[in-house]
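**Student:** just need the structure, nothing else, for what follows:
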Amino acid sequence: MNFNVIPAGDSALVIEFEDRIDPDVNARAVRLADAIAAERIGGVRDVVPTYRSVAVYFDPLRLQYDRLQDYLASVDPDANAAADRAVELIRIPVCYGGELGPDLAEVAGFGETTEEEVVRLHAGGSYRVYMLGFVPGFAYMCPVDSRIAMPRRPTPRVRVPLGSVGIGGIQTGIYPAETPGGWRIIGRTPVKPFDPMRTTPFLMKAGDTVQFYPIDRAEYDAWPSS
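**Tutor:** I've put the predicted structure just below:
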């Protein structure tokens, strides 16, 4: 079945697929995570899909390690390929450049193009959400157009504001909280990727498709806060 089940401490197991960033590999990981979660196995605490693996966290006092390992080794990630959950399209507004996108000019220089072209290329793509991580709600999305896929900063910023939209090589993402970060910040969105007060706290999940669209500063400032 082209995957391995490996230990990750005494309370987690990881199912690993092919070692590459690929939408088909990620789709298998998401599908497998959904299938495991749907089983509602007693003692399983969380099931987390990543780019090319699935982490299964469990309570070793309630669920035997060997029993879970045997179950995971027997699961067929392609058994319900025709019944994949519907891909959700999420459109996210971004105010590019200026004080909200301090690295836009650098990215334009990297791509030997204009700031306007960087915005066109970034907003013109569709991005698959491969995984959530780093902090709650941070979605790792690909692929950024190779012309503007500038590597991370050599020295991360100590504070990156909530809503900042960044590029880190072929990945793009939105900072869901004020945190340190080294991605190239090209804009900011007024939409919160994570809000614990919402009925659905996470705006995005693995397998979704995201499209960005430009808004001006007046639209950004007028956007509802909730």
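**Student:** measure the closest residue to S225 other than its chain neighbours to I92 for me?
**Tutor:** Take S225 and drop its neighbours on the chain: the residue closest to it by C-beta to C-beta, 6 or more residues apart in numbering is P190, 7.8 Å away. Every C-beta, even on glycine, is put in place using the N, C-alpha and C of the backbone. Distance of P190 to I92, given as C-beta to C-beta, to the nearest Å: 10 Å.
**Student:** same check, this time on G173
**Tutor:** G173 is 11 Å from I92, by C-beta to C-beta.
**Student:** between those two, point out the one with more neighbours.
**Tutor:** Between G173 and I92, counted using other C-beta atoms under 10 Å, G173 has the larger neighbour count: 26 against 19.
**Student:** element containing that one?
**Tutor:** Taking DSSP states H and E as the definition, G173 sits inside strand 171-174.
**Student:** so where is this structure shaky, pLDDT-wise?
**Tutor:** 1, 79-86, 226 (pLDDT under 70).
**Student:** try it again at 80.
**Tutor:** Where the chain drops to pLDDT under 80, the residues are 1-2, 77-88, 225-226.
**Student:** quick one: list the elements packing against the longest strand along it.
**Tutor:** If you go by DSSP state E, the chain has its longest strand at strand 89-96. For strand 89-96, the elements it packs on are helix 115-123, strand 184-188, strand 209-214, helix 217-222, judged by 3 or more C-beta pairs under 8 Å, 6 or more residues apart in numbering; DSSP states H and E.
**Student:** doesn't A33 belong to a strand?
**Tutor:** No. Counting by DSSP: H, G, I helix; E, B strand; the rest coil, one finds A33 to be helix, located in no strand.
**Student:** which residues does the spatially closest residue to it that is not a sequence neighbour contact?
**Tutor:** What sits nearest to A33 in space, not counting adjacent residues and going by C-beta to C-beta, 6+ apart, is P49, at 4.0 Å. By C-beta atoms under 8 Å, 6 or more residues apart in numbering, the contact list for P49 reads 26, 29-30, 32-33, 131, 206.
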